[in-house]
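Undergrad: Quick one, fold the following:
(one chain, ligands or ions: 1)
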Amino acid sequence: MRAVSVLPRIVDPQRLREETFRSDKTKKDKTGVVLLSGGLDSATVAWFARTECDKLYAMTFDYGQTHRREIQCALELGALLKVKAHRLIELPFMRLTGGSSLVGDGSIPKEGLTGGIPSTWVPQRNSIFLAIAFSWAEVVGADRLYAGMNSVDYSGYPDCRPEFIKAVNSALNLASKRFVETGRGIAIVTPLMNLSKKRIVSWGLELGVPYQKTTSCYSGEEEACGSCDSCLIRRKAFRGLGLEDPIRYKEE
Ligand SMILES: [Zn+2]
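TA: Now for the predicted structure:
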């Protein structure tokens with residue numbers, strides 16, 4: 001057995017960004033798992049993953065989020081992507097442990113980004129999601145685990161930052177039988193990490209992402225509220241490109 005003496009391949013944001021924009025030349029020969037939440041970022045990543053992977057698997061989490069509409073959106077997006085399998089994982093404990101307005105602990109702020117980490121922060125959400133998806137990635141023999149974290153136009157969540165992704169990728173490979181036995185790790189790919197929301201939307205439109213089928217609003221209603229952090233960031237990106245977001249907003 002190979003000893004774990006070196007750290008596995010870790011994610012270098014600069015290299016990944018370069019890799020991302022060479023995607024048209026990438027051979028579609030990889031197996032991947034994509035975290036699909038039903039939102040704009042994860043849909044963009046999923047459409048990118050589709051260009052790289054001949055076998056693509058999707059995973060969606062029901063963690064008791066009050067904006068439950070995103071689960072349905074995620075399942076529909078998975079069907080459009082023709083993923084090999086789509087797992088909906090229920091994590092009811094996250095509502096029980098609480099600590100976030102996204103799982104019903106307090107109200108969702110409507111004043112937009114005011115500095116500091118907002119009450120929509122869900123403690124350790126990405127640590128939990130990545131560990132579970134990584135486990136499945138190992139089972140299906142994936143080379144890559146795609147996720148839509150972004151540290152530019154975001155709410156300041158600590159688990160969306162590149163240093164976290166790099167560290168968790170190393171830790172998960174060190175806990176992987178495949179890596180220990182063969183030295184072949186799984187790369188957590190976060191191609192949106194250093195992109196502005198405007199650049200993400202522009203790239204997604206090139207990839208053919210059906211943004212009308214995504215949802216970002218924390219209210220979870222059919223029509224987006226237009227005033228939560230998530231709505232404000234998303235709408236600004238479309239408008240910055242001289243476009244209107246194809247989803248419906250309440251005040252219209
Ligand atoms: Zn909203």
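Undergrad: show me the residues around Tyr157 that make contact.
TA: 117, 121, 125-126 (C-beta atoms under 8 Å, 6 or more residues apart in numbering). C-betas here are computed from N, CA, C, even on glycine.
Undergrad: Nearest residue to Val209 in space, please, no chain neighbours.
TA: Trp47 (4.7 Å; C-beta to C-beta, 6 or more residues apart in numbering).
Undergrad: Can you report how many residues neighbour that neighbour?
TA: 20 (other C-beta atoms under 10 Å).
Undergrad: again, but for Ala131
TA: For Ala131, using other C-beta under 10 Å, the count is 14.
Undergrad: I'd guess it is in a helix, am I close?
TA: Yes: checked against DSSP: H, G, I helix; E, B strand; the rest coil, Ala131 lies within a helix.
Undergrad: Kindly confirm whether my reading is correct that it touches Ala171.
TA: No: the criterion here is C-beta atoms under 8 Å, and Ala131 misses it with Ala171 at 9.0 Å.
Undergrad: Mind naming the longest strand for this structure?
TA: strand 53-62 (DSSP state E).
Undergrad: if we can go back for a sec, can you select the buried ones among the contacts of Tyr157 for me in ChimeraX?
TA: Listed next is the ChimeraX selection for buried residues among those, using 16 or more other C-beta atoms under 10 Å:
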select :121,125,126
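Undergrad: I'd like the contacts of Tyr157 as JSON lines, with pLDDT, distance to the ion and secondary structure appended.
TA: Below are the contacts of Tyr157 laid out as JSON lines (pLDDT from 0 to 100; distance: C-beta to the ion, whole Å; DSSP: H, G, I helix; E, B strand; the rest coil):
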{"residue": "Ile117", "pLDDT": "81", "distance to the ion": "18", "secondary structure": "coil"}
{"residue": "Trp121", "pLDDT": "82", "distance to the ion": "16", "secondary structure": "coil"}
{"residue": "Arg125", "pLDDT": "92", "distance to the ion": "19", "secondary structure": "helix"}
{"residue": "Asn126", "pLDDT": "94", "distance to the ion": "21", "secondary structure": "helix"}
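Undergrad: contacts for stretch 218-233?
TA: Here stretch 218-233 makes contact (C-beta under 8 Å, 6+ apart) with 39, 65-70, 101-102, 108-110, 112-113, 118, 120, 153-155, 197, 215-217, 235, 247-251.
Undergrad: Show me just the buried residues among the residues you listed.
TA: Neighbour-count burial within the contacts of stretch 218-233 applies to 39, 65-67, 69-70, 101-102, 108-109, 118, 120, 153-155, 197, 215-217, 235, 247; the criterion is 16+ other C-beta under 10 Å.
Undergrad: Of those, which belong to helices?
TA: Applying DSSP state H to these, the entries found in helices are 69-70, 197, 235.
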